[in-house]
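**Q** Need coordinates for the below:
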Amino acid sequence: MKRYNTISPYAATFLEYRTANPGKCIGYEQIAVDGTVKKLNWDSFEVTPRYAIIYLESDTSSGPAIRYRIDGINPTASVGMPKENGDAWDIISTYDLNRFRVTEVSSGTHTLNIEYYA
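**A** Model (predicted):
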């Protein structure tokens, strides 16, 4: 079973949020996460997203592969919210999407698959 986490005081689960806030998928992005800090990039979208689902694929077999923060401060290999291969989570606000930062914890191939919704 896949782990799913929601980052929102407004919704306990993805299904609750999507039921209460039916939106349309407005874009998709892949980010290759490495030792440099990365941000989300939806500049080419016609509409500003207000919600995103993020899924991590990594070849790291144990322990966290990446760390992220949504407070606008850069994560490090030891500070930030850890995520492992197969983790999925959502971010429910344009404000937090703008402040999202991610970096790798351990070397390897780490890819974030992101769907954006308006």
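**Q** which residues in this protein form strands?
**A** 4-7, 25-33, 51-58, 66-69, 81-83, 88-91, 101-104, 110-117 (DSSP state E).
**Q** Columns mean neighbour count and distance to residue 43 on top of those strands, output as CSV?
**A** (C-beta placed from N, C-alpha, C; glycine too.) Shown next, in CSV, are these (neighbours: other C-beta atoms under 10 Å; distance: least, C-beta to C-beta, whole Å):
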stretch, mean neighbour count, distance to residue 43
strand 4-7, 16, 23
strand 25-33, 15, 10
strand 51-58, 20, 15
strand 66-69, 22, 20
strand 81-83, 19, 24
strand 88-91, 20, 17
strand 101-104, 22, 17
strand 110-117, 20, 12
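**Q** closest to residue 44 out of those strands?
**A** Evaluated over the strands of the chain, closeness to residue 44 peaks at strand 25-33, with 7.6 Å, by C-beta to C-beta.
**Q** With the flanking residues excluded, which residue is spatially nearest to the residue nearest the centre of the chain?
**A** By C-alpha atoms, centre = their mean, the chain has its centre lying nearest to residue 54, at 4.0 Å. Spatial nearest neighbour of residue 54, excluding adjacent residues (C-beta to C-beta, 6 or more residues apart in numbering): residue 114 at 5.1 Å.
**Q** Check residue 88 too.
**A** Nearest one to residue 88, counting by C-beta to C-beta, 6+ apart, is residue 55 at 4.6 Å.
**Q** that older thread, quick one: contacts for the residue nearest to the centre of the chain?
**A** 88-91, 112-114 (C-beta atoms under 8 Å, 6 or more residues apart in numbering).
**Q** hmm, try it at 7 Å
**A** Applying C-beta atoms under 7 Å, 6 or more residues apart in numbering to residue 54 gives the contacts 88-89, 112, 114.
**Q** now those in JSON lines, with distance to residue 72 and pLDDT?
**A** Output for the contacts of residue 54, formatted as JSON lines (distance: C-beta to C-beta, whole Å; pLDDT from 0 to 100):
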{"residue": "88", "distance to residue 72": "23", "pLDDT": "96"}
{"residue": "89", "distance to residue 72": "18", "pLDDT": "95"}
{"residue": "112", "distance to residue 72": "18", "pLDDT": "98"}
{"residue": "114", "distance to residue 72": "18", "pLDDT": "97"}
